[in-house]
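J.: the sequence and its predicted three-dimensional model are supplied below.
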Amino acid sequence: MASSGRCKLKLFLICIVCFQCTDGFYLPGSFPHKYEVGDQLSVKVNSLTSIDTELPYGYYTLPFCKPLDGVKDSAENLGELLMGDRIENSPYQFKMFKNESEIFLCNTNPLSADDFKLLKERIDELYQVNLNLDNLPAIRYMDKDGYLLRWTGYPVGIKAQNVYYVFNHLKFTVLVHKFEQANMAGVIGSGDGAELITTSDNSSDIPGYMVVGFEVVPCSVQHKADMTKKLSTYSKYPSAIKCDPGAVAMPIKEGQPVAFSYEVSFVESDIRWPSRWDAYLKMEGSKVHWFSILNSLMVITFLAGIVLIIFLRTIRRDLAQYEELDKEAQAQMNEELSGWKLVVGDVFRAPTNPGVLCVMVADGCRILGMAVVTIFFAALGFMSPASRGALITGMVVFYMFLGIVAGYVAVWLFKTMNAGNITGWASVSWKVACLFPGIAFLILTILNFLLWGSQSTGAIPATTYIILLLLWFFISVPLTLVGGFIGTRAPHLEYPIRTNQIPREIPTSRFPSWMLVLGAGTLPFGTLFIELFFIMSSIWLGRVYYVFGFLLVVLLLLMVVCVEVSLVLTYMHLCVEDWRWWWKSFFASGSVSLYIFFYSINYLVFDLKSLSGPVSAMLYLGYSLLMAVAIMLATGAIGFLTSFIFVHRLFSSVKID
């Protein structure tokens, strides 16, 4: 009971912070930490990353200085592990508001042949070192052609005139803002939000600061070997160290050690704590071109509206003409009428492989629900960049618990197609629970073997694999079966007309109907291809993606366009007396995934020109294929369900004698 009371108190305090921090953009999931002058600040390191290979590696795989108390892993969530993040402690230590310079860190062991080769490879592959202080990534500013560029992290080294240089001296600048008791509502916590404590009146008079910025300038400095041999960690280097980012002076050589050092300065800033992520969210290259995107959305919405209006008017006119026929005219209907009215006896004929269709539609509903809920919470800020791995963790959790919806939809559809017969519903539920997770595990396992072979931190650890399997079989599968059982109790949809025993012959058409179905995906693709560029840049170029509110609007617009495209295609097939609309309605909207996969290949060829190595290409194509399959299921489910409801309502309006 005591622990429950503490949890409620923490939740209450968090709510207070959320409502009090109204003077800036607040990122739920992170909390301010008050540091008094002289308090210890510890820098953490993340995996080494590169846009050249997309293969993350551990920081300590390179011959860098290690902490005196040993390397320790920080707390990680499931999303961080799946993303390849490995947060560890580092030897870089600061004291709040105490400037220090010429701090000697360590002298590495003489570089072995393997270390020397590995350093050269990492420099050639443009690997970046990623540091974090109080949950803020280190940011580096560059002035290029009059433009101020911002990058997170700094390069391992640089190659100049066939000589490899390493950045062995770091110049840190920590931006701090004075702690304001009134704005924090009496609540402070760690930078990662791991713990909350309340302040008392006794500590309110003690000056404190919050970290609102973390900048780094890497330099290549040649230290004197005779001086560094006599120094210990955190000793002051006997001579001044000039940090010039435009010059290099520390070449790496086999058999020689590398000396590391750093300096730190604290600068009081006007940046308030709720706005400290603005520098990262406004990085060059990540800014969304609002005008062009909104212009595209307006055009697409206008065209879709015209199609929908024409479509509704056509349906209304056909129904009016059909209802005005007298009995004698209805008796001659087969001779005088054509189009969708002639397939009355076949329109509800069961499709080929109805069980597979039910499973795919149900899994698509689960993926779509996961996407909408995840993007909605991300738009509210609960899955912000400040909460590492929260987005992936949320997707996994929502997907598992939406198994109830998937099981229900699959069994309900299966029951409807079989005229109320529920024999085999458990098998359908099992297939729903295993279809997309099975595809995902197959792709991830193949990619994981490649990552393991490359010794990359992007490989999912064996323990994480076990956790994912346990979540799959002990949470997702039971919930799907429960949803399927609920579906057996739900009333199925009765068909308004009976199906003829002999199927009607389908007239031959000039062009294959599947060409029209595959071409229908161009309109949904047009609604998202601009936003897709920024998403791909965020994933593969290391840019920060934060406009989840706009992404939610794009997703809703995509759903509307998928509905319209599928309805129009279904109606067109019925008008040419093609009653096989089931699968075609699914792929009419689901074919957008084909264009997304082609776009991924185009992005690989023209935008990821620096991507090198077969492992990197396989990794990219594997994740792109997984994304395309998920989008196919989600958009296909939208198209099929709306077409199914439309066909049912359309033929329910027809009077059958």
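T.: Arrived safely.
J.: chain center to stretch 561-572, what's the gap?
T.: 29 Å (C-alpha atoms, centre = their mean, to the nearest Å).
J.: before we move on, what about stretch 507-526?
T.: Relative to the chain's own centre, stretch 507-526 is displaced by 31 Å; criterion: C-alpha atoms, centre = their mean.
J.: and the contacts of it?
T.: 296, 300, 303-304, 558, 561-562, 565-566, 569, 572-573, 576-578, 584, 587-596, 599, 635 (C-beta atoms under 8 Å, 6 or more residues apart in numbering). In short, each C-beta sits where N, CA and C put it, glycine included.
J.: give me that answer again for 6 Å
T.: Defining contact as C-beta atoms under 6 Å, 6 or more residues apart in numbering, one finds that stretch 507-526 is touched by 300, 558, 561-562, 565, 569, 577, 584, 587-588, 591-592, 595.
J.: now the residues you listed in CSV, with neighbour count, distance to Val482 and pLDDT?
T.: Putting the contacts of stretch 507-526 into CSV (neighbours: other C-beta atoms under 10 Å; distance: C-beta to C-beta, whole Å; pLDDT from 0 to 100) gives the following:
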residue, neighbour count, distance to Val482, pLDDT
Ile300, 19, 39, 73
Leu558, 23, 30, 89
Val561, 26, 33, 87
Cys562, 27, 29, 90
Val565, 27, 34, 87
Leu569, 24, 35, 88
Glu577, 18, 42, 82
Lys584, 24, 32, 93
Phe587, 23, 30, 95
Ala588, 31, 32, 93
Ser591, 26, 33, 95
Val592, 31, 32, 94
Tyr595, 21, 36, 95
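J.: tally of neighbours for Lys253?
T.: For Lys253, the neighbour count with other C-beta atoms under 10 Å is 12.
J.: my error: substitute Met96 in the last question.
T.: Residues near Met96, counting by other C-beta under 10 Å, number 18.
J.: any stretches of the stretch 151-300 of the chain with poor pLDDT?
T.: Per-residue confidence for the stretch 151-300 of the chain (pLDDT under 70) gives these ranges: 181-205, 282-293, 295-296, 299.
J.: which ones among the contacts of stretch 507-526 are found in helices?
T.: The members of the contacts of stretch 507-526 that map onto helices under DSSP state H are 300, 558, 561-562, 565, 569, 584, 587-588, 592, 595.
J.: residue contacts, Lys558?
T.: Quick fix: residue 558 is Leu, not Lys. 524, 527-528.
J.: for these, which one is nearest Pro274?
T.: Leu528 (31.0 Å; C-beta to C-beta).
J.: give the rounded mean pLDDT of the helix or strand that closest one falls within.
T.: For Leu528, the host element (DSSP states H and E) is helix 522-540. For helix 522-540, the mean per-residue pLDDT is 84.
J.: out of the contacts of Leu558, who's nearest Lys431?
T.: When these are compared against Lys431 (criterion: C-beta to C-beta), the nearest one is Pro524, at 26.6 Å.
J.: tell me the spacing between the closest one and Leu641.
T.: 15 Å (C-beta to C-beta, to the nearest Å).
J.: can you give me the helices for the stretch 151-300 of the chain?
T.: With DSSP state H, counting those that start in this stretch, the ranges of helices along the stretch 151-300 of the chain come out as 181-184, 225-228, 278-281, 290-323.
J.: neighbour count winner among Pro524 and Leu641?
T.: Pro524 (33 against 19).
J.: any idea how far that one lies from Val544?
T.: Distance from Pro524 to Val544, by C-beta to C-beta: 27 Å.
J.: likewise Glu215?
T.: Taken as C-beta to C-beta, the span from Glu215 to Val544 is 16 Å.
J.: Val344 too?
T.: To Val544, Val344 is 56 Å away according to C-beta to C-beta.
J.: next one: Gly458
T.: The gap separating Gly458 from Val544 is 19 Å, by C-beta to C-beta.
J.: compare these two (neighbour count), which wins?
T.: Taking other C-beta under 10 Å, Gly458 and Val544 do not tie; Gly458 has more neighbours (23 against 18).
J.: chain neighbours aside, what residue packs nearest to that one?
T.: The shortest distance from Gly458 to any non-neighbouring residue, by C-beta to C-beta, 6 or more residues apart in numbering, is to Gly84 (3.6 Å).
J.: quick one, phi/psi of the one you found?
T.: phi 90, psi 10 (degrees, to the nearest 10).
J.: give me the distance from the biggest strand by length in the chain to the chain's centre.
T.: Counting residues, the longest strand in the chain under DSSP state E turns out to be strand 208-219. Put simply, strand 208-219 sits 28 Å off its chain's centre (C-alpha atoms, centre = their mean).
J.: got it, and stretch 509-528?
T.: On C-alpha atoms, centre = their mean, the centre of stretch 509-528 falls 28 Å from the chain's centre.
J.: and the longest helix for the protein?
T.: When the chain is parsed with DSSP H, its longest helix is helix 614-652.
J.: show me what that one packs onto, helices and strands only.
T.: helix 354-380, helix 425-453, helix 548-575, helix 582-590, helix 592-606 (3 or more C-beta pairs under 6 Å, 6 or more residues apart in numbering; DSSP states H and E).
J.: which positions in it come out as buried?
T.: Going by neighbour count (16 or more other C-beta atoms under 10 Å), the buried part of helix 614-652 is 615-616, 619-624, 626-644, 646-648, 650-651.
J.: outside of whichever helix or strand Pro478 is part of, which residues touch it?
T.: Using DSSP H and E, Pro478 maps to helix 477-489. With contacts defined as C-beta under 6 Å, 6+ apart, helix 477-489 is touched by 403-404, 406-408, 411-412, 422, 425, 429, 432-433.
J.: and with 10 Å instead?
T.: Helix 477-489 has contacts (C-beta atoms under 10 Å, 6 or more residues apart in numbering) with 362-363, 366, 400-416, 422, 425-434, 437, 471.
J.: what's the next secondary structure element after it?
T.: Next along the chain from helix 477-489, counting by DSSP H and E, comes helix 513-519.
J.: could you export that following helix as CSV, CA atoms only?
T.: What follows is helix 513-519, C-alpha atoms only, in CSV (Å, rounded to 0.1, in the frame of the first residue of the first chain):
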residue,chain,number,x,y,z
SER,A,513,-8.3,-5.6,-64.5
TRP,A,514,-5.2,-6.1,-62.3
MET,A,515,-3.4,-3.3,-64.2
LEU,A,516,-6.0,-0.9,-63.0
VAL,A,517,-5.8,-2.2,-59.5
LEU,A,518,-2.0,-1.8,-59.3
GLY,A,519,-2.2,1.7,-60.9
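J.: quick one: average confidence on that helix?
T.: Helix 513-519 comes out at a mean pLDDT of 85.
J.: tell me the confidence at the closest residue to Asp143 other than its chain neighbours?
T.: Leaving aside its chain neighbours, Asp143 sits nearest to Leu149 (7.6 Å; criterion: C-beta to C-beta, 6+ apart). Per-residue confidence (pLDDT) for Leu149: 79.
J.: for Val544, see how far away Leu149 is.
T.: From Leu149 over to Val544 the distance is 14 Å, taken as C-beta to C-beta.
J.: also Ala379?
T.: Note on Ala379: its distance to Val544, by C-beta to C-beta, is 15 Å.
J.: cool, thanks, signing off.
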